[in-house]
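Enquirer: Build me a structure from this.
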Amino acid sequence: MNLNPIVLSIPIFFILIGIELVVERLSHRKLYRLPDSIANLSCGITSQLSGLFMRVLAIGVYEVIYSQGAFFHLEKNWIYWVALILLVDLAYYWAHRMSHEINLFWGGHVVHHQSEEYNLSVALRQSSLQVVWTFAFNLPLAVIGFDTLDFALISALNTLYQFWIHTEAINKMGWLEYVFNTPSHHRVHHGRNPKYIDKNHAGSLIIWDKMFGTFQAEEERPVYGITKPINSWNAVWANVNHYATMASELKMIHSWRDKIRYLFNKPGWLPENLGGYRPAPAIDSAHFHKYDTPAPVALNYYVLFQYIICLAGTGAFLFSQAKFSLGEKALVSVLISIVAVNCGVLFENKRWVFISEWLRIILYPLAAIVLCIYFQLPLYYTVLAAVYMVVSVSWFYIVYKKIHAPTS
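Expert: Numbering: from 1, shown residues only. Below you'll find the model as predicted:
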């Protein structure tokens, strides 16, 4: 069984999202949009799938340093645990802060900030690449002598704490605001208003921002998102978009010294001969328009149907992934990622995604049927695969005709 606390918490995440949806309905507020939520969850899916292979950086390197180079063998008393909680959170603060202040690192973190909404699904919008740039911030804890499993547990709990603060349903929380990271503090962090950018990097404790000069109280309601919107629901593109921009801008920079400065300076930096630093533009919240892709109701229901199946399949895979070989994990991860990408991009009405979806809803169940027969699985698995194909093909045909019907 997978003992990753984050994977084990997936059912709780969706229960809380369901509660927030009820709050949305009762308060008559617009907190969720289906395409945005699908994109958020898809980034979460691709992050968890990539984590199956990136774990060697997140935990493997830590374990090597701890087992081979720890300076101390610490007694596991209450001081040990309090120190570990504080140091994990401090390491998170600096990793998070540098992910905002170094252009190369920002490419691994920007995914989390791309949503123009602010709800619990945004908490699950995580990068597949961030660990590449941030794992090293935790290594001093291994050198000090904090056990690998203890570090992994506290680090996971620190991440879990941050789930509930991604909401507009909770206002300021009195004295807790002085010590802990709260929804109000974290709303500031997700704002693209110039006064809010690069503020409140805290994980669990807001004290670090107050100590190191990056604290900003919530004043006017933030406008969420990034200064250069991605304008896409594609989870894979969300992870590589910033690096594609960096590649094109690096071509414009001729000096190798400036190329290196571009990588490690703040996002928005360019050499003076190309215009210099580009600060965040002012925001007119009254006239700000979110990225939107109106879609027929039939498409909404079709995508929701496919996505529920995708979530169930992903959950089952993550809970049982230890039984799979590395190659099998890679194959299943690619197949799941295709579903996640299709479900998002269908809202964008791109021609290629309709071809991809037709192929997927025919080839996936056919492959499942062949495997059921080959491995002599119970007949009802074959029947389920066949029913899925018939339902999906019929439903998608109706959706396709609605979207591509000639307008009079």
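Enquirer: looking at the protein, which helix or strand is least sure?
Expert: None of the helices or strands of the chain scores lower by mean pLDDT, DSSP states H and E than helix 5-8, at a mean of 79.
Enquirer: which residues sit against the helix or strand just after it?
Expert: Next along the chain after helix 5-8, taking DSSP states H and E as the criterion, comes helix 10-27. Around helix 10-27, the neighbours that count as contacts under C-beta atoms under 8 Å, 6 or more residues apart in numbering are 29-32, 119-121, 123-124, 163-164, 167, 169, 315, 318. All C-beta spots, glycine's among them, are computed from the backbone N, C-alpha and C.
Enquirer: just curious, which of those is nearest to Lys251?
Expert: Leu124 (34.4 Å; C-beta to C-beta).
Enquirer: Pick out the residue closest to the middle of the chain.
Expert: Nearest to the mean C-alpha position of the chain, counting by C-alpha atoms, centre = their mean, stands Gln126 at 1.6 Å.
Enquirer: That residue: what secondary structure?
Expert: Following DSSP: H, G, I helix; E, B strand; the rest coil, Gln126 is assigned to coil.
Enquirer: Quick check, pLDDT for it.
Expert: pLDDT for Gln126: 97.
Enquirer: isn't Asp150 right next to Leu84, touching?
Expert: Yes - Asp150 is within contact range of Leu84, at 6.2 Å (criterion: C-beta atoms under 8 Å).
Enquirer: Any idea how many residues pack against Leu326?
Expert: Other residues near Leu326 come to 9 when the count uses other C-beta atoms under 10 Å.
Enquirer: So what are the structural domains in this protein, by residue number?
Expert: 5-212, 297-403 (automatic domain parsing).
Enquirer: Phe288 is nearest to which of these?
Expert: Taking C-beta to C-beta, domain 5-212 is the member of those nearest to Phe288, at 8.7 Å.
Enquirer: Go ahead and confirm Tyr161 touches Gly203.
Expert: Yes - applying C-beta under 8 Å as the test, Tyr161 and Gly203 come out as touching, 7.1 Å apart.
Enquirer: Pick out whichever of the two has more residues nearby.
Expert: Set Tyr161 next to Gly203 and count neighbours by other C-beta under 10 Å: Gly203 wins out with 21 against 15.
Enquirer: Local confidence estimate at the more buried one?
Expert: Note for Gly203: predicted pLDDT of 97.
Enquirer: hmm, back to that, higher neighbour count, Asp150 and Leu84?
Expert: It is Leu84, of Asp150 and Leu84, that has more neighbours when counted by other C-beta under 10 Å, with 21 against 17.
Enquirer: Distance-wise, check the more buried one relative to Asn138.
Expert: 11 Å (C-beta to C-beta, to the nearest Å).
Enquirer: Centre of the chain to whichever strand or helix holds Leu359, how far?
Expert: Assigned by DSSP H and E, Leu359 falls within helix 351-374. Chain-centre distance of helix 351-374: 27 Å, with C-alpha atoms, centre = their mean, to the nearest Å.
Enquirer: packing partners for it?
Expert: On a contact count with 3 or more C-beta pairs under 8 Å, 6 or more residues apart in numbering; DSSP states H and E, helix 351-374 meets helix 326-345, helix 379-403.
Enquirer: Give me the contact list for it.
Expert: With C-beta under 8 Å, 6+ apart as the test, helix 351-374 has contacts from 335, 338-339, 341-342, 345-346, 377, 381-382, 385-386, 388-389, 392-393, 396, 400.
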